[in-house]
Each structure stands twice: as structure tokens, then as C-alpha cells.
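Engineer: Requesting a structural model of the entry that follows:
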Amino acid sequence: MNFQQLISAEELTDLIAQRGPLRILDCRARLDDSTWGARAFARGHIPGASHLSLEQDLSELSNQGGRHPLPERDAWLHTVRSRGILNNDQVVVYDDAGGTIAARAWWMMRWLGHPRVAVLDGGLPAWTGPLSTHDHVKAHSQFQARQPLTRWVDTHQLETLHAEGAIRLIDARARARFAGEEEPIDPVAGHIPGAISLPCLDNLDSSGHFKSAQDLAQRFAAIGGDPMVCYCGSGITATHNILALLVAGFAEPTLYPASWSGWIEDPSRPVATTLP
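Structural biologist: Residues are numbered from 1 along each chain as shown. The predicted structure follows:
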């Protein structure tokens, strides 16, 4: 089987039973506690999984540009190799937050040109099988990076595209943050002028699973024909919208990893609080 977007808990159970080329990555994290994910992993995880840290593996905090800058591609390649991932592996990523963290790992595997990566739909709450406390460590691999399946822009590139009016910006944060009514994380409230508010959690149904492709297509139908650039607070939940857009049948959107926290690093950049 070849899963490239979503995988159900039942499908993952079957893959584990088949003992085929499979790697599972636990991406659980909390923004207010950088060690929480590792502790949660140690208490219990899907058997065979390895842990990825949001701060240490999925971000490079010494880089410039937002709260969770992308690591250098070679550094991420080293992390992938350290988890024993092979080019023929089906990779499954999960969290306990509706896929909002796992989608970052999904996007980053595709950044290395690996198409066989899927987010566990419903996350750990959907998993009914046993949990393990064993840290399943594999020997380093020689995973080979290929042509990226993704696109991303830095702040300078975004400023140019934004000034030309050549893109459609999609903001994944909660609507109250987009509107500047509250800002619990970043020092400035509001959004990039011209952006559309499409909170990522609205990609999910009441059970915490992704909505159907038809429902997601209807949700995004009003976006228009311009190339899409997805952002959020720090480039994490924006990837959830990218995943949802692909599930809905849209072309690959572009990620702005620095996102709102990177945009506001320069106070001269415009900020909006008026709802469209």
C-alpha cells in the first residue's frame, strides 16, 4: 500500500501486521513545554514508533525567522537517517492534536522528496491497539533525499509576491488571533493584510478526523485561482491546511515557514486587524 496523505488507525494496524517497510513517528508536543512530548512518548506510544521533537527535530531554533524556523535540509536529512528511515518505507506520523503537529513532519518528509508519508487520521486518540514504552531504535540509514515535493518561501520572497498581488494568503490560526482580538503567543496581534482566515481546526469533524474530500473542497472553494501560500503563527499548523488542500484535490500550496512570528520581526511590515 502507498499512503501519501492520510491513513486510518485500521489501515495502520494492518500495515503493522504485514511487517512491511514501515516507520512510525510520534510527533506529540506542547508549545508551552518543550519536554512534554518526550515524556508522553516514554509513558506510551504506538509500538515501533520513534519520537520527533518539535523544537529539536522539526525546527532549528538557532535559525532566523519566526518561532519554529525550518532546520537546514541537510540537518533534517540527518535526523531522518538517525531514525532509520529508508527510501522504500511507508512513513506514518501522528500526534494527539488532530494532526496539527504531525502535519509538519508530513510536510518535511515530502520536502526530502519522500511521497510515502501519511498522517494518522484522528491521531493517537483513534488508536485502539496496545501502547508500548519501548523506544524502538533502528540503525542509521542512508536515506537519499530527492527533488522536493513541496514549496516554501522566506519573508523576503513573500514580501515581493505580496507587493505584486500574485498570491492568495491563507492564515491557519484561530479567527480571534487573525482578527487581533487576542494574541496569547506573539507580541503583535493581527494578520498579514489581504490574508484569508481559514482556521486549521475547521478541517476536522466533531470526532477529530479530517472531513471528507468533498467537504474540504467545499470549504476551500472560495479561495480563487491565485497560487496559495499558507501560514500560521510559526509554520506548524499551516501545514495542516496544506494537507487538507491536497486531500481536497487542490494543487500543492506554498508554505511560509516563518509565518506571523517571522512577519512581525520587522515593525515596518504592515499589519491588519480588519476582518475581510
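
Engineer: ok, the closest residue to residue 76 other than its chain neighbours - contacts?
Structural biologist: Excluding the flanking residues, the one nearest residue 76 by Cβ to Cβ, 6 or more residues apart in numbering is residue 108, at 5.8 Å. Where C-beta positions appear, they are placed from N, C-alpha and C, glycine not excepted. Applying Cβ atoms under 8 Å, 6 or more residues apart in numbering, we find residue 108 in contact with 58, 70, 76.

Engineer: and which of the residues you listed is nearest residue 270?
Structural biologist: Comparing the contacts of residue 108 against residue 270 with Cβ to Cβ places residue 70 closest, at 24.2 Å.

Engineer: Poorly predicted segments of the chain, please.
Structural biologist: 63, 225, 276 (pLDDT under 70).

Engineer: In the contacts of residue 108, which residue is surrounded by the most others?
Structural biologist: Counting neighbours by other Cβ atoms under 10 Å, residue 58 leads the contacts of residue 108 with 25 neighbours.

Engineer: how many neighbours does the nearest residue to that one once chain neighbours are set aside have?
Structural biologist: Leaving aside its sequence neighbours, residue 58 sits nearest to residue 104 (Cβ to Cβ, 6+ apart; 5.2 Å). The tally of other residues near residue 104 (other Cβ under 10 Å) stands at 32.

Engineer: now do residue 224
Structural biologist: Residue 224: 9 surrounding residues under other Cβ under 10 Å.

Engineer: how close does it get to residue 168?
Structural biologist: In this view, residue 224 and residue 168 are 6 Å apart by Cβ to Cβ, to the nearest Å.

Engineer: circling back: after the helix or strand the residue nearest to residue 76 falls within, which helix or strand is next? Please name it.
Structural biologist: Assigned by DSSP states H and E, residue 108 falls within helix 102-111. Following helix 102-111 in sequence order, the next helix or strand is strand 117-120 (DSSP H and E).

Engineer: Pull the CA coordinates from that next one and hand them back as CSV.
Structural biologist: C-alpha atoms of strand 117-120 as CSV (Å, rounded to 0.1, in the frame of the first residue of the first chain):
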residue,chain,number,x,y,z
VAL,A,117,4.2,9.6,4.2
ALA,A,118,0.8,9.9,5.8
VAL,A,119,-0.8,11.5,8.9
LEU,A,120,-2.7,9.1,11.2
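
Engineer: quick one: the residue nearest to residue 58 and residue 52 touch, right?
Structural biologist: No. Using Cβ atoms under 8 Å as the test, residue 104 is too far from residue 52 to be in contact (9.1 Å).

Engineer: Between these two, which contacts overlap?
Structural biologist: Common neighbours of residue 104 and residue 52 (Cβ under 8 Å, 6+ apart) are 27, 58.

Engineer: Could you pull up the residues touching the spatially most central residue of the chain?
Structural biologist: Nearest to the mean C-alpha position of the chain, by Cα atoms, centre = their mean, lies residue 104 at 2.3 Å. Taking Cβ under 8 Å, 6+ apart, we find residue 104 in contact with 27, 54, 58, 235-236, 239.

Engineer: domain assignment for the protein?
Structural biologist: Domain assignment for the chain, taken from automatic domain parsing, gives 6-126, 155-263.

Engineer: could those go into JSON lines alongside distance to residue 148?
Structural biologist: As requested, the domains of the chain are exported to JSON lines (distance: least, Cβ to Cβ, whole Å):
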{"stretch": "domain 6-126", "distance to residue 148": "5"}
{"stretch": "domain 155-263", "distance to residue 148": "10"}
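
Engineer: Compare these and give me the one nearest residue 138.
Structural biologist: Nearest to residue 138, of the domains of the chain and by Cβ to Cβ, is domain 6-126 at 2.7 Å.
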